Each structure stands twice: as C-alpha cells, then as structure tokens.
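Visitor: Would you be able to build a 3D model of this:
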Amino acid sequence: MPGITYQRVLQWTTSGPRELYVITAPRPGGLYSLTPLLSNGTIQGRETVSAMERDVSPKMSTIGVNGDFFNWDGGWPSGLLMQDGVVEHQPADGRAAVGVDTSGTLHVDRVPWSASWLGANGIRVPIGRLNEPPAANSSALFTPVWGARTPALKGLMAVIEPFPPTTPLRDLTGTVVRVVSDSAVAIPRDGAVLVARGSATADLSAGAPVGSTITAHLGLRADWASVTDAVSAGPTLVKNGQPIANAGEALSSAQLNGRAPRTAIGQRADGTIVIVAADGRRPGWSVGISNWDLALALVRYGCVTGFALDSGGSTTVALNGTVLNRPSDPTGERPVSEALVVGYTGVYAPAPAPTLSPNGDGVDDSESFSYKLVRPSTVDVTLTTTDGSSIVLDSGEKAPGTYRLSWDGTVNGEPAPEGRYRWNVSATDDLGRVSAMARVFTLDDTLGFLRLSTAARRISFTLTRPASVRVAIETLGGEILKTAANGPRQAGLATVRWNGLDGRHKRVQRGTYEVRVVATSPVGLSRLTRVFRVVR
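Guide: This is a model prediction of the structure:
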C-alpha cells in the first residue's frame, strides 16, 4: 500500500536464528488509520487476525498484528479497548495501554479506571467492569458490542433504553425500562444493561427502579481526552526514545521474561508508525525475542515511544487476510480477541503476476489487474508501455467494490514489444481524497512450453533467445532437492534429464514435487513451474 513498507529480517543470535517482521506506516490521519479490530465484531469470542482483516476488507485495506491479552474461554480483552472514541472495555489495573489521538500521536500510559452511575436516589455507585462479567458484590455495564444478551448470572439486571455510546469523560444518561433477576437479558441495540451481583444488587434495586433515569460517567486520564482508539497488553518498552528494561507493570513472568514470539508497536518523532514482530519457539527457524531486545529493536528503528502487545502463540502478522509470519502454535494461527491494524482507505491494487508471456503455451498468456475501492470514487486506469506512452483502460465514476481488467499483450491487434510495463490506477473519493497505486510487470516471451515426462525424468522447454537457465527439483514447500541444470542455453528447444536422485545422491521418495525453471535474459527474469509425482 502507498507509504507502507514491510520487511522480513533474518538475524543471527548466539542462541540461533531470529525472524523479525517490520512494518512502517504514515502517521494516522486522512487515508490511514490505526484501528483495533474485534473478533467477530463483538467482545465475546475469538477469531484469527487474518479473518478479522477479511471481515473489514470492504471498508479498508489492512496490514497488522494481534492486540491485547485476552480471556481464553470468554474471548474478552484483558485491558482497555477503545474504538472510534468509545470505550468498549475497562483498563487493566497496574498495566499500560497504547492509544492514538486525533492528531495521529501514540499515547502509552497507565490509564486508571473510574466509572460510576448515579441513580434516582442520588447515590453514586461504582461500575467495576465494562463488557465483562462483574466480580462478586459489584456491578458491570454491558453494551451492544458485548453481543446479543448478557451472561446468565445470579443477580439483578436493569435494562436501559435508550443509552448513548460509552464515550469517556462525559455524562451518559438513559431510562430504566425493565428490571429482571437471575437471568440473561437481551441488550437493546440502542441501549445497555447494568448488572449487579451480591451486595451490589441492593444499590441497583434502590437506585434504578423502572421508569427512572440513571447517569453513568466513565473516567479516563484527562490527557487522553483526544484518544479515539486504544488497546492494552504491555509492558511499555520505549519512553522518550529510551528503551525500558522494567516498566513495573502487573504482568506474569511468562509475559515479561525470556525469548518468545512477541509483537510490539512504536512511533517515531515524525509520527511514523513502526510495528515489529518476531517468530519464536521454532528451533532452526526463529528462537524468539526478549522484551528488552524488542525494546532495542524499536529504538533502532527510530521509535521514541514503544509498547508490547500480546505474545507467544498469539503473535501474528497479516496483510489483507494473508498471514505473513509463522505463528508458533502447532495448529497454526491462533484465534485471538483483537487485531491492531494499519487501515488504508485509498485505492488498493494487489500485485499482478510478475511476467506476461503471450506465447500460447497456456501459462501467463494474459495479464490480470485488479483494484479495490472502499468509497465511491472517480477512477483512471492506464497502462504505461515500454516507450513511456499510456493506454487508457478504464475511467469514470465507480461504486465501492473490486474491479478486474486484463491485457493480452497486444496494441491495436499487434503484439506489443517485450520489456517493462506499468499498471497505474488513481482515484478521487467522495471526500475529495486522492490516492494512487502503480504495479510493474514484464512482457517476456523468452521461456515457454514446459513439458515433463513421467516422474520428470525428461524436462523440456523452449527459449526464444539465449538465456541463463536454472532447472531445480523442489518440494511443494520450496526446498530445493536437486539442481538439474544451471548455465547458459541457446534459443530453441532445451532438454534436461534428471536421474531421480537428490543432491545427496539419494533416490527421491514417493510423493508430489515441483520442477522450477528460471530463465534470465536481457529482457528480464521469467519462471515456469510444473507439479509431478514420484510413485515408486
């Protein structure tokens, strides 16, 4: 996406290799946001980061990571959650949160929780939790983001309708329309439910009779008045450009200590967002990272503020619903409570196939291009040719959606010259915001017509010009078993023979494999692959 970078970095440590994933993005604002996503759109339950990104795909393009720690069974986050200026879950005692304000600045602070409701009897009563079952002898407020119904608890439930969104630092007033006991109760879409347990039921019974008005107030730090979106986890890693060895936050030993898969977010002085994640618990691939080394990594990438997110098997990096890292759980990507993503609402065009080869062999004979709009926009799509001229492929007003185009490598019915081409798409949305993307590919007929005999003992292909060629036998996972040919080849039909042995001169076992042919010529680099089976 424009302005966003992604790197996978291999580091060698005394304990083994370490894989880092580094994302940078512009200061939030305009076409860019830093957005918490909720699993299934509700506080309850869990969902993978990639699934959450796919859920919001019609609204934004995303690259991001996992968010807060969470309750394993219930799925609710362990600390503060804010979305679009609304508090959805209370902060955690003794731990910090990271929030982004209306200017795109990150705040990393401990955020005390002070919430209460004032009833008809004039007595102010604490609200212990927001969208989480209340502790014994206390109360909790449930809003529609919790789900359809409150949990079934022994206690008293006051249904309030209407009731405004739970915006902090202001009075929230609603009318009690129903009071029930010892039961789950539906949460009105425009209301809330106040639930009390134990000794707190007496306060609710006395202060919130049917027909009365109650006023709630949710207090956060005064300097968080402009914060719109926030998640918790921890610990704090960087303050004022300095790494922090021990922030003294209330976290478990496993969350604080040792090498593990870990995720963090930071911000540079110029507002650039930096996200760093590390794989771990995979000997030979990545041994993980400590919080201290994660803090040092954020500082090396220029961060003046830094904060750790959930770690361990939760660590996930995904782009538009595709996982980029290797989560450590044996079952793969872990369902979590939240994701924290960089959202982009401009025109988005995924990378096309790198090579167009319209030679009639049935592979890459046409080049496909697609782009996505999340708002009504006026669009121009052009193709820049090898001589710098442009061909208009599409233009006009477009509704939100995904649009697809293709090109067969001809101009006015004649074959186009080989070389580098570029798709260009620009869009002006209904808010007047301009965005653009360009994607490059090569028209290259050098390599074609890959054919295999049984078990790939004979491999043939054609070259339209002399090229340097490498032919490899690989597993479907990309491991090279044998390089069957490597070097220059003349134009014409080329044949390579393979004896069925790997690079250690051992016979390749039964299974499914792949032949990969790569040709490098003055035009560029082209590839062909074909799958085959070894049956004995």
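Visitor: As a quick check, tell me the outermost residue of the protein.
Guide: Farthest-out residue of the chain from its mean C-alpha position, per CA atoms, centre = their mean: Asn121, at 47.8 Å.
Visitor: How about the contacts made by the closest residue to Gly401 other than its chain neighbours?
Guide: Distances taken as CB to CB, 6 or more residues apart in numbering place Leu373 nearest to Gly401, at 6.3 Å, with adjacent residues excluded. Where C-beta positions appear, they are placed from N, C-alpha and C, glycine not excepted. With contacts defined as CB atoms under 8 Å, 6 or more residues apart in numbering, Leu373 is in contact with Val347, Val379, Lys398, Ala399, Pro400, Gly401, Thr402, Tyr403, Ala427, Asp429.
Visitor: if I read this right, the fifth one contacts Arg375, doesn't it?
Guide: Right, Pro400. Yes - Pro400 is within contact range of Arg375, at 6.0 Å (criterion: CB atoms under 8 Å).
Visitor: out of these two, which sits in the busier spot?
Guide: Comparing Pro400 with Arg375 by other CB atoms under 10 Å, the one with more neighbours is Arg375, at 17 against 14.
Visitor: What distance do you get for the more buried one to Asp444?
Guide: 36 Å (CB to CB, to the nearest Å).
Visitor: same check, this time on Asp84
Guide: As judged by CB to CB, Asp84 and Asp444 stand 47 Å apart.
Visitor: can you give me the helices in the protein?
Guide: Per DSSP state H, the chain carries helices over the ranges 49-55, 200-207, 253-256, 291-300.
Visitor: which helices and strands sit right next to the last one?
Guide: With contacts taken as 3 or more CB pairs under 8 Å, 6 or more residues apart in numbering; DSSP states H and E, helix 291-300 sits against strand 236-239, strand 242-243, strand 262-268, strand 273-278, strand 303-308.
Visitor: Now tabulate these in a markdown table and tack on mean neighbour count and distance to Thr529.
Guide: Below are those laid out as a markdown table (neighbours: other CB atoms under 10 Å; distance: least, CB to CB, whole Å):
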| stretch | mean neighbour count | distance to Thr529 |
| --- | --- | --- |
| strand 236-239 | 23 | 43 |
| strand 242-243 | 15 | 45 |
| strand 262-268 | 26 | 34 |
| strand 273-278 | 26 | 30 |
| strand 303-308 | 26 | 40 |
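Visitor: closest one to Val22 among those strands?
Guide: strand 273-278 (5.5 Å; CB to CB).
Visitor: Provide a list of residues in contact with the closest residue to Ile391 other than its chain neighbours.
Guide: Nearest residue to Ile391, sequence neighbours excluded (CB to CB, 6+ apart): Leu383, at 4.5 Å. Contacts here follow CB under 8 Å, 6+ apart; on that basis Leu383 touches Ser390, Ile391, Leu393, Trp407, Tyr421, Arg422, Trp423, Asn424.
Visitor: cool, and Ser57?
Guide: Ser57 makes contact with Asn320, Gly321, Lys372 under the criterion CB under 8 Å, 6+ apart.
Visitor: One more: Ala484?
Guide: Ile459, Val471, Ala472, Ile473, Val496, Arg497, Trp498.
Visitor: Next, work out how far apart it and Val535 are.
Guide: From Ala484 across to Val535, the span is 19 Å (CB to CB).
Visitor: do the same with Leu37
Guide: Going from Leu37 to Val535 by CB to CB gives 46 Å.
Visitor: mind checking how far the closest residue to Ile4 other than its chain neighbours is from Gly271?
Guide: Take Ile4 and drop its neighbours on the chain: the residue closest to it by CB to CB, 6+ apart is Ala25, 4.8 Å away. Note on Ala25: its distance to Gly271, by CB to CB, is 10 Å.
Visitor: Settle it for me: which of the two has more neighbours?
Guide: Set Ala25 next to Gly271 and count neighbours by other CB under 10 Å: Ala25 wins out with 24 against 15.
Visitor: Any regions of the stretch 301-450 of the chain where pLDDT drops low?
Guide: Filtered on pLDDT under 70, the stretch 301-450 of the chain yields no residues whatsoever.
Visitor: Contact partners for Leu130?
Guide: Val87, Glu88, His89, Gln90, Ala115, Ala140, Leu141, Thr143, Thr166, Leu218.
Visitor: what pairs with it across the strands?
Guide: Leu141 (DSSP bridges).
Visitor: so what pLDDT did it get?
Guide: pLDDT for Leu130: 98.
Visitor: Ala51 and Val323 touch, don't they?
Guide: No - contact criterion CB under 8 Å: Ala51 and Val323 do not qualify, at 10.3 Å.
Visitor: Just the buried ones from the contacts of Leu373?
Guide: Val347, Val379, Lys398, Tyr403, Ala427, Asp429 (16 or more other CB atoms under 10 Å).
Visitor: List only buried entries from the contacts of Ala484.
Guide: Ile459, Val471, Ala472, Ile473, Val496, Trp498.
Visitor: partner residues bridging the fifth one?
Guide: What it means is Val496. For Val496, the beta-bridge partners under DSSP bridges are Ile459.
Visitor: go on, the second one?
Guide: Taking DSSP bridges, one obtains Ala485, Val517 as the residues bridged to Val471.
Visitor: mind listing what it touches?
Guide: Val471 neighbours (CB under 8 Å, 6+ apart): Ile459, Thr483, Ala484, Ala485, Asn486, Val496, Val515, Arg516, Val517.
Visitor: okay, these in a markdown table with pLDDT next?
Guide: Below are the contacts of Val471 laid out as a markdown table (pLDDT from 0 to 100):
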| residue | pLDDT |
| --- | --- |
| Ile459 | 98 |
| Thr483 | 97 |
| Ala484 | 96 |
| Ala485 | 97 |
| Asn486 | 97 |
| Val496 | 97 |
| Val515 | 98 |
| Arg516 | 98 |
| Val517 | 98 |
